[in-house]
Each structure stands twice: as C-alpha cells, then as structure tokens.
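> got a predicted structure here, sequence first:
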Amino acid sequence: EVQLQQSGAELGKPGTSVKLSCKVSGYNIRNTYMHWVNQRPGKGLEWIGRIDPANGNTIYAEKFKSKATLTADTSSNTAYMQLSQLKSDDTAIYFCAMRAAISHWFAYWGQGTLVTVSS
Amino acid sequence: DIQMTQSPASLSASLGETVTIECRASEDIYSNLAWYQQKPGNSPQLLIYDANSLADGVPSRFSGSGSGTQYSLKINSLQSEDVASYFCQQYNNYPYTFGAGTKLELK
C-alpha cells in the first residue's frame, strides 16, 4: 500500500523559513514525480511545483519560484519543500502528492501539513 | 497559464438526486483532466482521471465526461457521504491548475 506521511504542523515567524517533509512508503520515489500543493484557509487548491527525485529536476509555478525549494532524498524515499521569507499569506495547509507510474494525475496524497505564520 | 473555471461554487441537493459540476478550461486540454473529492479536514482523493476514467475504488455513481475545453462531473443518486468539495485539475501543461472548487451540501 502506498502511503505519504507528512511532517507535523509548523509555526513560523515572518521572515523565517520552514522545511516540510513527505516520506513515501510502498513506492520508490525514483519512479515518480513528487508534487506540492497548498490550500489557504477556506480556499481552493494551488499547485506549487514538482520534483523528479531521480535527477533533481524541478518545475515551479511562477509565483512560487522564489518562495519554495523542492528537494528529494532517494535513500530515505522522502521529498522536502522549504518555504522561505515567510509572510502571513503563506499560512496554509501544504500537501505532497504523487502520481502512479507514468500517469500525470495525483493518485496519492499526504495528509497535509499546516503552516502558520505569526509573530 | 491555463485557467480552470468551475461552476457552480456551491450546490445544494437532496438524497437520490443527480448533480452535475462543470469545468471550463481557457484552452484545449485534450482530456487531461482529473476530478478530486475533498471532505472537511481530509486531503483530496482522486475520483476521475483522463476526463472520464473512474479511479480505483470510486463508486460507479460518479462519472466524468467532456473534451476540448468543457468537462463535467456527474453524481447519480446522491448519497450522504458525497457531501464534500470537488475540484477539477488540468495536467495538460505546467503549471498544473485547479478549478476553484464546488461545495456540495445536502438540502
């Protein structure tokens, strides 16, 4: 069974950074892309970017190019997202999501990590 | 970027009723569209992929259709467990984009 286990809630001060993790079990992340999506309170879903863990190649949505940094550690089968220069509107739930095989849709999702930005 | 316009934003329906949610893309996405269901406090779950293919374990009362720029999700015989928000997503081009969502409630 494929499972994506995300790290716990984060409280960050404005101007600081946080690093979220997403550990995958039941599937080798070398064989997929790892995506990140956010959801601001009471709002819809927003795609942040994706990483190919096999080679580290990344693609970001334009608005997140200077906000998010995606990395992956294939030895631990874990994907990471660092959010920098936190502002109040970065407060959101952040999901990791994964395609299956060579598909493009998100068959698997993590449970989400709540990031709260507050001084 | 491809804009996904989803309607309605909210919907109230009775048990057993059939409901339809629409999604319009700003350009042809060649059926590269998925539908997700999200219940409060949970992560989204895949319902439909490639516009009309039912994901594993999804009840057959859910169906998807459409092509080009116009797509729809239909729920036949609405059940209480279908109360949720629904999102469409295009994966034809990066950046992947989602519709704003439809909140489905029971009347």
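Sure, I can see it.
> can you list the residues of chain A near chain B?
A:35, A:37, A:44-47, A:49-50, A:59-62, A:95, A:97, A:103-107, A:109-112 (C-beta under 8 Å from any C-beta of the partner chain). (Glycine included, C-beta is placed from N, CA and C.)
> go with 10 Å
With C-beta under 10 Å from any C-beta of the partner chain as the criterion, chain A meets chain B at residues A:4, A:6, A:35, A:37, A:39, A:43-50, A:59-64, A:93, A:95-97, A:99-100, A:103-112.
> which one is B:Tyr30 nearest to, not counting chain neighbours?
B:Asn92 (5.7 Å; C-beta to C-beta, 6 or more residues apart in numbering or on different chains).
> what's around that neighbour, how many residues?
16 (other C-beta atoms under 10 Å in any protein chain shown).
> OK, contacts around the residue nearest to A:Cys22 when sequence neighbours are not counted?
Closest residue to A:Cys22 apart from its sequence neighbours, by C-beta to C-beta, 6+ apart: A:Cys96 at 3.4 Å. By C-beta atoms under 10 Å, 6 or more residues apart in numbering or on different chains, the contact set of A:Cys96 is A:4-7, A:20-24, A:34-37, A:48, A:50, A:70, A:78-81, A:106, A:108-113, B:43.
> can you tell me which of those residues are buried?
Among the contacts of A:Cys96, those classed as buried by neighbour count (16 or more other C-beta atoms under 10 Å in any protein chain shown) are A:4, A:6-7, A:20-24, A:34-37, A:48, A:50, A:70, A:78-81, A:106, A:108-110, A:112-113, B:43.
> out of those residues, which sit inside strands?
Using DSSP state E, the members of the buried ones among the contacts of A:Cys96 that fall in strands are A:4, A:6, A:20-24, A:34-37, A:48, A:50, A:70, A:78-81, A:108-109, A:113.
> for chain B, which segments count as strands?
Using DSSP E, strands in chain B cover B:4-7, B:10-13, B:19-25, B:33-38, B:45-49, B:53-54, B:62-67, B:70-75, B:84-90, B:97-98, B:102-106.
> and the third one, what does it pack against?
It refers to strand B:19-25. strand B:4-7, strand B:10-13, strand B:33-38, strand B:62-67, strand B:70-75, strand B:84-90, strand B:102-106 (3 or more C-beta pairs under 10 Å, 6 or more residues apart in numbering or on different chains; DSSP states H and E).
> just put the ones you listed in JSON lines and tack on distance to chain A and mean pLDDT.
Output for the helices and strands packed on strand B:19-25, formatted as JSON lines (distance: least, C-beta to the nearest C-beta, whole Å; pLDDT from 0 to 100):
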{"stretch": "strand B:4-7", "distance to chain A": "9", "mean pLDDT": "98"}
{"stretch": "strand B:10-13", "distance to chain A": "13", "mean pLDDT": "97"}
{"stretch": "strand B:33-38", "distance to chain A": "4", "mean pLDDT": "98"}
{"stretch": "strand B:62-67", "distance to chain A": "12", "mean pLDDT": "98"}
{"stretch": "strand B:70-75", "distance to chain A": "13", "mean pLDDT": "98"}
{"stretch": "strand B:84-90", "distance to chain A": "6", "mean pLDDT": "98"}
{"stretch": "strand B:102-106", "distance to chain A": "10", "mean pLDDT": "97"}
